[in-house]
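S.K.: Any chance you can model this:
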Amino acid sequence: MDALTNTDHKLAVLLIEDNPSEYSELKNYLTHLNFNIVLHINTDQIISTVCKNTLADIVIINTDTPSARTLQELTDIDNKCPLPVLVFAKQDAREMIQSTLKAGVSAYIVGEIKESRLRCLIEVAIERFKQRQSLLSELKKTKTQLADRKIVEKAKGYIMQEKQITEQQAFKLLRNMAMNNGQSLATVSKNIIEVYHMLEHDIK
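M.R.: The predicted structure follows:
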């Protein structure tokens, strides 16, 4: 079961602050709420590298305002090892909020941190992260399907031209080849395209 959906799992938090200390108010809140702080580091550190080497379920950042470097680090996290990211900031800037959301931040909270709201905010950040990942997965799947369809259409065109058959016959031939070889239509189509390209190259 995924750690983010397992209610029995003690969420592991990577806590990042401008001035981390044993007396951090946010750290004390998280500990009191029974979250597991796996690491407490400074915003100056290379966050993306730390994330890849730390088994955290969520990243929580407490800063005056996210720096350009921090935003780049968050973008790297989003691209290489996606995690829910909750940012607490003291300064309210619309441009900054937009920038952090583009960097993959799940929630951006401005103002005083209250323990009574902390668990709810973490849950919201996790849910938003899961929704975003689901949308990105669907988008990737759709793009792959469109790319595969183009490949199949191209292979059909080669077969129709070579064998002087109809589109329906070419598709049936492709489908039979895929079934006989235990491969997808896209894989068989790619192989056919590669063969035709090699033949065209040899003729030239």
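S.K.: which SS state does the most centrally placed residue in the chain fall under?
M.R.: Nearest residue to the geometric centre of the chain (CA atoms, centre = their mean): Pro82, 4.7 Å. What DSSP: H, G, I helix; E, B strand; the rest coil gives for Pro82 is coil.
S.K.: from here on, count from 173
M.R.: Got it, first residue is 173 now, which makes that one Pro254.
S.K.: and the gap between the residue lying closest to it once chain neighbours are set aside and Glu299?
M.R.: Once flanking residues are discounted, Pro254 sits nearest to Gln305: 6.4 Å by CB to CB, 6 or more residues apart in numbering. The way it works is simple: take the backbone N, C-alpha and C, and place the C-beta from them, glycine included. Distance of Gln305 to Glu299, computed by CB to CB, to the nearest Å: 11 Å.
S.K.: Name the next helix or strand downstream of the lowest-mean-pLDDT helix or strand in the chain, please.
M.R.: The weakest-scoring helix or strand in the chain, judged by mean pLDDT, DSSP states H and E, is helix 266-274 (a mean of 79). Heading C-terminal from helix 266-274, the first helix or strand you meet, by DSSP states H and E, is strand 279-282.
S.K.: Taking helix 266-274 as reference, get the angle to whichever helix or strand comes after that next one.
M.R.: Counting by DSSP H and E, the next helix or strand C-terminal to strand 279-282 is helix 287-335. Orientation check (axes from the mean of the first three to the mean of the last three CA atoms, to 10 degrees): helix 287-335 against helix 266-274 gives 60 degrees.
S.K.: so what secondary structure elements neighbour helix 287-335?
M.R.: Applying 3 or more CB pairs under 8 Å, 6 or more residues apart in numbering; DSSP states H and E, one finds that helix 287-335 makes contact with helix 197-204, strand 230-235, strand 257-261, strand 279-282, helix 339-353, helix 357-375.
S.K.: who wins for proximity to Lys312 among these?
M.R.: Across the helices and strands packed on helix 287-335, Lys312 has its closest neighbour in helix 357-375 (14.7 Å, CB to CB).
S.K.: What's the mean pLDDT across the closest one?
M.R.: For helix 357-375, the per-residue pLDDT values average out at 82.
S.K.: care to break the protein down by domain?
M.R.: 184-285, 316-375 (automatic domain parsing).
S.K.: would TSV of those domains with distance to Cys292 be doable?
M.R.: Compiled in TSV, the domains of the chain are given as follows (distance: least, CB to CB, whole Å):
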stretch	distance to Cys292
domain 184-285	10
domain 316-375	36
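S.K.: coming back round to it: now the helices and strands packed on helix 287-335 in a markdown table, with distance to Val324?
M.R.: Converted to a markdown table, the helices and strands packed on helix 287-335 look like this (distance: least, CB to CB, whole Å):
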| stretch | distance to Val324 |
| --- | --- |
| helix 197-204 | 51 |
| strand 230-235 | 41 |
| strand 257-261 | 39 |
| strand 279-282 | 42 |
| helix 339-353 | 7 |
| helix 357-375 | 5 |
